[in-house]
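> Predicted coordinates and the sequence they were generated for:
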Amino acid sequence: QNQTFIQAANDLDELMIGSCYPIESAWRDPYWMDDDLEQNPVLVSTSGSIVFANFGVHFWQKLPATSGLGIPNPAYGLDYKFFYQKIATLNTVLFNIPALREKHQPEKELQRIAGEAHFLRAFYYLLLANIYGKPYNVATAATDYSVPLKISPEVETGFLTRASVKQVFDQIESDLLDAEKELEGFNATAVLRASQSAAQALLSRLYLFREEYEKAISYAEKVIQKGYQLRDINTLSATTPFLERASPETIFTARYIGGTSLTFMNDANDVGPGFENYRVTEDLLGIYSNKDLRLQAFFKQTNDGDLI
């Protein structure tokens, strides 16, 4: 990567905003893998020429890039590329911070940028590990395969080898612990930029995956003590997204151009093409009573009458 344009802390900040933060929804494969979603076999997708493009992912096929007609789904794997593009830029950001310190650039600004970069790299690697790697198992984490671990800015030729689950999770933990310290006092009320609360919330999730329950509880309590609250859906209108930036539950979110709903979290008010031949399972709907306000807040009725 060309690093000659990075001469000041502000250059890194612009690079972070333009190339490191997630913009809108870029990863949807986890939606199709969820067993709370089922395919409606009666319907034919109207979103394009590929019928049931996410068939291979949804049914956990050996070849997940296969559509319902047995032809390749060209959209499969875009998430993988997206994450590593972001990580490559974050590696460049972190690599340049020591050099800018030598140029006596503002230390506080560099500290904040380092914290945001460490958080985002951990964020992307946790998503990569959970989508493409084996789940964390204490007994086998050191030998189970996860995803390639690349934390240096150098461009390397050839294929990268897969790191173990333990190596990837250890790197995520290291980045988040750095972010927790570096982001103290910065972005406290922001939801579009990484904050100490966001790092602590992700640490809680990381420790939950690793079955370190006392640490998971400890970090969750750190976040709760900062004033986040559950949203009162008694006052929520039918047109207001449950998931939005202004929600008292929102700690961190991707930027969404053109609105405030959090599309990467699959808000019910933002159901788009590709979802029309899927529906919520009866098992999930059976949990709610007819008077439960969460039915209106969490789900949306498609044109064929199904809920999604």
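Okay, I see it. Numbers count the residues shown, from 1 in each chain.

> Next SSE downstream of the helix or strand hosting Pro98?
In the assignment (DSSP states H and E), Pro98 maps to helix 78-102. The C-terminal neighbour of helix 78-102 among helices and strands, as given by DSSP H and E, is helix 107-132.

> Give me the helices and strands touching that next one, please.
Under the contact criterion of 3 or more C-beta pairs under 8 Å, 6 or more residues apart in numbering; DSSP states H and E, helix 107-132 touches helix 9-15, helix 29-33, helix 78-102, strand 145-148, helix 165-182, helix 196-209. Backbone N, C-alpha and C define where each C-beta goes, glycine included.

> Tell me if Ala163 really is in a strand.
Yes - checked against DSSP: H, G, I helix; E, B strand; the rest coil, Ala163 lies within a strand.

> Let me see the contact set for it.
145-149 (C-beta atoms under 8 Å, 6 or more residues apart in numbering).

> Tell me how far the nearest residue to Gln301 once chain neighbours are set aside lies from Ser174.
Spatial nearest neighbour of Gln301, excluding adjacent residues (C-beta to C-beta, 6 or more residues apart in numbering): Leu307 at 5.8 Å. Going from Leu307 to Ser174 by C-beta to C-beta, to the nearest Å gives 42 Å.

> between these two, which one's more packed in?
Leu307 (16 against 13; other C-beta atoms under 10 Å).

> I'd say that one and Thr281 touch.
No - assessed by C-beta atoms under 8 Å, Leu307 is found out of contact with Thr281, at 9.8 Å.

> Any idea how many residues pack against Lys166?
18.

> ok, for it, nearest residue in space, not its chain neighbours?
Per C-beta to C-beta, 6+ apart, closest to Lys166 is Ala141, 4.0 Å.

> which residues touch the one you found?
By C-beta under 8 Å, 6+ apart, the residues touching Ala141 are 164-166, 169.

> hmm, back to that, and the helix holding Pro98, what does it pack onto?
helix 9-15, helix 107-132.

> Tell me which residues are up against it.
With contacts defined as C-beta under 8 Å, 6+ apart, helix 78-102 is touched by 1, 3, 6, 8-9, 12, 15-16, 19-20, 22, 26-29, 107, 110, 113-114, 117-118, 120-121, 124-125, 127-128, 131-132, 150-153.

> and that helix with helix 107-132, angle?
Orientation check (axes from the mean of the first three to the mean of the last three C-alpha atoms, to 10 degrees): helix 78-102 against helix 107-132 gives 160 degrees.

> For helix 78-102, buried residues please.
Neighbour-count burial for helix 78-102, with 16 or more other C-beta atoms under 10 Å as criterion, is recorded at 79, 82-84, 86-97, 100.

> just stretch 184-198 next, same as before
Using 16+ other C-beta under 10 Å as the burial criterion, the residues of stretch 184-198 that qualify are 186-187, 191, 193-198.

> about what we covered before: for PyMOL, what selects the buried ones among the contacts of helix 78-102?
To isolate the buried members of the contacts of helix 78-102 in PyMOL, using 16+ other C-beta under 10 Å:
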select buried, resi 6+9+12+15+16+20+22+26+27+28+29+110+113+114+117+118+120+121+124+125+127+128+131+132+150+153
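
> starting at the chain centroid, how far to stretch 120-128?
Centre-to-centre, stretch 120-128 and its host chain are 7 Å apart (C-alpha atoms, centre = their mean, to the nearest Å).

> Alpha carbons only: can I get it in CSV?
Taking Å, rounded to 0.1, in the frame of the first residue of the first chain, the C-alpha atoms of stretch 120-128 are listed here in CSV:
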residue,chain,number,x,y,z
LEU,A,120,-12.1,-2.4,14.4
ARG,A,121,-9.5,-5.0,13.6
ALA,A,122,-10.8,-7.1,16.5
PHE,A,123,-14.3,-6.5,15.4
TYR,A,124,-13.6,-7.8,11.8
TYR,A,125,-11.6,-10.7,13.0
LEU,A,126,-14.3,-11.8,15.4
LEU,A,127,-16.8,-11.8,12.6
LEU,A,128,-14.4,-13.7,10.3
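
> Quick check: mean pLDDT of it?
Averaged over stretch 120-128, pLDDT sits at 95.

> Could you list the residues in contact with that stretch?
Residues contacting stretch 120-128 (C-beta under 8 Å, 6+ apart): 16, 20-21, 27, 80, 83-84, 86-87, 90-91, 94, 147, 149, 151, 168, 171-173, 175-176, 179, 194, 199, 202, 205-206.

> Which among the contacts of Ala163 count as buried?
By 16+ other C-beta under 10 Å, these give 146-149 as buried.

> for the contacts of Ala141, which one is nearest Phe52?
Closest to Phe52 out of these is Val165 (31.2 Å), distances taken as C-beta to C-beta.

> Can you give me the neighbour number for the closest one?
24.

> That one and Ala139 touch, don't they?
No - with contact defined as C-beta under 8 Å, Val165 does not count as touching Ala139 (11.1 Å).

> re the thing from before, by mean pLDDT, show me the worst of the helices and strands packed on helix 107-132.
helix 29-33 - the lowest mean pLDDT of the helices and strands packed on helix 107-132, at a mean of 74.
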